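> Attaching a predicted model along with its sequence, questions to come.
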Amino acid sequence: MPPSDRAHARLTIDLDAIATNYRLLGKRLEPAGLHAVVKADAYGLGLEPVARTLRGQGCRHFFVATLDEGIALRALLSDVEIGVFNGALAGEETAFAAHRLTPCLNDLGQIERFRALAPSAPAGLQIDTGMARLGLPPQEVERLAAEPQRLAGLSLSFLFSHLACADTPPHPKNAEQLRLFRTLTQQLPATQRSLANSSGIFLGPEYHFDFARAGAAIYGVNPQASHPNPMAQVLHLKGRILQVRDVDSPQTVGYGATYRASGVSRIATVAVGYADGYLRTLGNRGSCFVGDRQVPVIGRISMDLITIDVTEIPPQQLTPDTFVELVGPNHSVDALAAEAGTIGYEILTSLGHRYHRNYIGKGS
Ligand SMILES: *Cc1c(COP(=O)(O)O)cnc(C)c1O
């Protein structure tokens, strides 16, 4: 029996949908550019197939979070620019230069060391306009502006900052960060500027600058929670029904006896659990689809199993060959994330390694 036939849970990634999303965002951004964020194994979807698909769409600029991720991507693609958000820590400078990776320098010390140890290698600067997370705070930008020799010998590729509330368009923080980003970058040498992530692209052209850095929307996550999702669905997750039981007297279901089946009902057990990234917070809150019918997850999520209430589903649809839709056309990543009390990003980056993975489409 081939592994695909004995798979208990299937994860399908649609490379054509990734290509479509890349093009859609690219159009929306024109004349600004689109740089693809492929950190965390391309948000859990697989660095190699995703990066090759995007390169096939003409993407020449990528971002990752760490030096190791940059080295892995460089091994796949030799002719692209790769930025590393987390910056170059002391001792990493020569590795950045050797692998032709562009660090996002986050403080004055990193700038000092990088221009000394990797002269003329390209670097970006991250400016903190209100996240208080990474990057040069405004006082350090002003110091750089006042003492331009601090940048001497640095080959400055770009200046960027990250929005805290881009997924909430009316939030006043967006305009505040935009204003501060303009003010601070005007004091530094002219180079490419970037402010928007996926959601930031939809805040309007004044947020586009020279390029946007998008991850989530390329992978199908809705960039604007309050609007219908314009992105194509990339991820499909299915779990196989392992067992079905009829209950005719009150009985509790699963660990902790947190669910009580009260009357006559039918319960199906599906082969997916928190070890697969089906988050434990989905216990008694999640749902999935059997055919086109939505059914609730009942009881807690186990490591390898979930239980669902299939009382309303005709028995002939509940054979051991039945795969239920956990994420798919009926149930988006965002819908599952909302049930779990989280965001699509966490669903994607939590995907486990036990699924039978299948890439469909040619990435065109
Ligand atoms: C992850 C990340 C992005 C991409 O954000 P999305 O919301 O996934 O588009 C952009 N910029 C920085 C600094 C990041 O850390």
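Great, that's in hand.
> In the stretch 1-150 of the chain, what residue spans correspond to strands?
Remark: strands assigned in the stretch 1-150 of the chain by DSSP state E, counting those that start in this stretch are 9-14, 33-37, 61-64, 81-84, 101-105, 122-126.
> closest one to the ligand among those?
Among the strands of the stretch 1-150 of the chain, strand 33-37 comes nearest to the ligand, with 4.0 Å by C-beta to the nearest ligand atom. Yep, even glycine has a C-beta here, placed from its N, CA and C like the rest.
> The closest one - contacts with which helices or strands?
In this structure, strand 33-37 packs against helix 15-29, strand 61-64, strand 211-214, with contacts taken as 3 or more C-beta pairs under 8 Å, 6 or more residues apart in numbering; DSSP states H and E.
> quick one: buried residues of that strand?
Of the residues in strand 33-37, G33, L34, H35, A36, V37 count as buried by neighbour count, 16 or more other C-beta atoms under 10 Å.
> circling back: for Q186, which of the strands of the stretch 1-150 of the chain is the nearest?
strand 122-126 (13.8 Å; C-beta to C-beta).
> so, in contact with the ligand or not, that closest one?
No - legend: contact between strand 122-126 and the ligand by C-beta under 6 Å from any ligand atom is lacking; minimum distance shown is 7.1 Å.
> What residues does R55 make contact with?
The contact partners of R55, by C-beta atoms under 8 Å, 6 or more residues apart in numbering, come to L77, V80.
> Keep only those of the buried residues of strand 33-37 that are also close to the ligand.
Within the buried residues of strand 33-37, those near the ligand by C-beta under 6 Å from any ligand atom are V37.
> need the contact list for the closest residue to A214 other than its chain neighbours.
Using C-beta to C-beta, 6 or more residues apart in numbering and skipping residues adjacent in sequence, the residue nearest A214 is S198, 4.4 Å away. Counting by C-beta under 8 Å, 6+ apart, S198 touches L25, A166, A212, A214, G215, A216, A217, I218, V221, P223.
> Where do the domain boundaries of the protein fall?
Domain assignment for the chain, taken from automatic domain parsing, gives 15-219, 235-342.
> on that earlier part again, with distance to T183 and mean pLDDT as extra columns, can I get the strands of the stretch 1-150 of the chain in JSON lines?
Converted to JSON lines, those look like this (distance: least, C-beta to C-beta, whole Å; pLDDT from 0 to 100):
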{"stretch": "strand 9-14", "distance to T183": "41", "mean pLDDT": "97"}
{"stretch": "strand 33-37", "distance to T183": "23", "mean pLDDT": "98"}
{"stretch": "strand 61-64", "distance to T183": "24", "mean pLDDT": "98"}
{"stretch": "strand 81-84", "distance to T183": "23", "mean pLDDT": "98"}
{"stretch": "strand 101-105", "distance to T183": "20", "mean pLDDT": "98"}
{"stretch": "strand 122-126", "distance to T183": "15", "mean pLDDT": "97"}
